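> sequence first, predicted coordinates after that:
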Amino acid sequence: QVQLVESGGGLVQAGGSLRLSCAASGRTFSSYVMGWFRQTPGKEREFVTAIRWSGGVMEYADSVKGRFTISRDNAKNTVYLQMNSLKPEDTAVYYCAAGGLGPAASRLNYYNWGQGTQVTVSS
């Protein structure tokens, strides 16, 4: 079991930046990939980006390419999501998740989820 705690969400104006953190504890060595997803009311949780613990960024959703950057600090068991040039449509609850060897963009590949952190971008 991997425990995940997100932080860093908040209210920001369009064009601004935020950095989310996801601290992992427990059996972190059992996960292969860490992902970020987001969800707005009435919509399905959607993939944002993912990274392997062993190194290498896997992929980004088209909607965030060039604006968001995922990174990791293995010594701290922490994954980060740097979000720049934020837009009102980025408003959502952001979740980090620990997953296995399946498709990184698929929610089905992830077996542990954090509680989420709210990001609100005002226009």
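It's in.

> pull the helix or strand with minimum mean pLDDT from this protein.
In the chain, no helix or strand scores lower on mean pLDDT, DSSP states H and E than strand 57-60, which sits at a mean of 85.

> would you indicate which residues of stretch 85-98 are buried?
Under the neighbour-count criterion of 16 or more other Cβ atoms under 10 Å, stretch 85-98 has 86, 90-98 buried. No exception for glycine: its C-beta is placed from N, CA and C like everyone else's.

> between those residues, which sits nearest E59?
Set against E59, the nearest of those by Cβ to Cβ is A97 (14.6 Å).

> what distance separates whatever helix or strand the closest one lives in from the centre of its chain?
Using DSSP states H and E, A97 sits in strand 92-99. Between the centre of strand 92-99 and the centre of its host chain there is 5 Å, according to Cα atoms, centre = their mean, to the nearest Å.

> list the contacts for C96?
When contacts are counted by Cβ atoms under 8 Å, 6 or more residues apart in numbering, C96 touches 4, 6, 20, 22, 34-37, 79, 81, 113-114.

> kindly recompute the last result at 6 Å.
The contact partners of C96, by Cβ atoms under 6 Å, 6 or more residues apart in numbering, come to 4, 6, 22, 36, 114.
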